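**Q** generate a structure from the sequence data that follows.
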Amino acid sequence: MKLLYLGILQNAQAPAVELCAERELSSYSRFTRGNISEFMTMFSKTVAERTKQGQRQDIQEQDFTFHVYARTQGIAGVIISDNEYPSLAAHQVLSKMLDEFLALNPNAPSSREPIPFASLKTYIQAYQDPHQVDSILKIQKELDETKIVLHKTIESVGVRPESMPDPG
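**A** Sure, this is the predicted structure:
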């Protein structure tokens with residue numbers, strides 16, 4: 001599970017403008033990073049333009065999933081992840097990221113120029129593991145681990161009477 005791109009775009013008027021973005025392309029060769037980065041920017045602009053304000057959607061393209069949230073203020077957040085990254089976690093990151101961005105930059109919807117937003121670097125690093133985002137995923141993981149321990153305990157209890165010598 002991996003986040004590859006986090007971007008905030010102004011989509012109030014076409015064409016959409018990438019206001020800020022952060023990419024994690026270390027798994028790609030140095031020679032292909034430029035092309036992949038261009039693909040991500042171009043596709044993010046396209047989905048931001050085509051997503052209605054107030055709508056959330058997920059779009060799969062090749063090995064990527066584009067998670068998009070177009071806010072009613074004319075700002076859209078886009079996350080590009082691999083296909084394994086949970087949609088629920090991605091949309092929680094989008095909401096958190098856009099809330100913080102709009103709180104710091106209330107005039108962003110009218111901007112056509114890049115806006116610095118240092119928190120994107122923190123978001124892309126901190127949320128590579130979707131369990132860091134979603135408390136429901138954390139609880140499910142803990143329940144699964146507890147279930148495994150209980151099954152092992154039950155199995156060991158079930159084995160004991162058979163392995164004990166017969167008192168009679």
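**Q** so which strand or helix has the residue nearest to the spatial centre of the chain?
**A** By C-alpha atoms, centre = their mean, the chain has its centre lying nearest to Ala90, at 3.0 Å. Assessed by DSSP states H and E, Ala90 sits inside helix 87-104.
**Q** what helices or strands is the helix or strand just after that helix leaning on?
**A** Sequence-wise, the next helix or strand downstream of helix 87-104 (DSSP H and E) is helix 119-126. Applying 3 or more C-beta pairs under 8 Å, 6 or more residues apart in numbering; DSSP states H and E, we find helix 119-126 packed against strand 3-10, strand 17-23, helix 87-104. Using the backbone N, CA and C atoms, a C-beta is placed for each residue, glycine as well.
**Q** check which helices and strands the longest one sits against.
**A** Here helix 87-104 touches strand 3-10, strand 56-61, strand 64-70, strand 75-82, helix 119-126, helix 135-163, going by 3+ C-beta pairs under 8 Å, 6+ apart.
**Q** ignoring the adjacent residues along the chain, who's closest to the residue nearest to the centre of the chain?
**A** For Ala90, ignoring the flanking residues on the chain, the nearest one in space by C-beta to C-beta, 6 or more residues apart in numbering is His67 at 3.9 Å.
**Q** quick revisit: what comes up buried for the helix holding Ala90?
**A** Ala89, Ala90, His91, Gln92, Val93, Leu94, Met97, Leu98, Phe101, Leu102 (16 or more other C-beta atoms under 10 Å).
**Q** thought the first one was touching Ala126?
**A** No: Ala89 sits out of contact with Ala126 when judged by C-beta atoms under 8 Å, with a separation of 11.8 Å.
**Q** circling back: need the helices and strands packed on helix 119-126 in JSON lines (columns: distance to Thr122 and mean pLDDT).
**A** Formatted as JSON lines, these follow (distance: least, C-beta to C-beta, whole Å; pLDDT from 0 to 100):
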{"stretch": "strand 3-10", "distance to Thr122": "10", "mean pLDDT": "94"}
{"stretch": "strand 17-23", "distance to Thr122": "9", "mean pLDDT": "94"}
{"stretch": "helix 87-104", "distance to Thr122": "10", "mean pLDDT": "92"}
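**Q** residue ranges with poor pLDDT in this protein?
**A** 133-145, 147, 149, 151, 155, 157-168 (pLDDT under 70).
**Q** give me the domain ranges for it.
**A** 3-130, 134-168 (automatic domain parsing).
**Q** among these, which is the most enclosed?
**A** Of the domains of the chain, the one with the most neighbours on average (mean count of other C-beta atoms under 10 Å) is domain 3-130, at a mean of 17.
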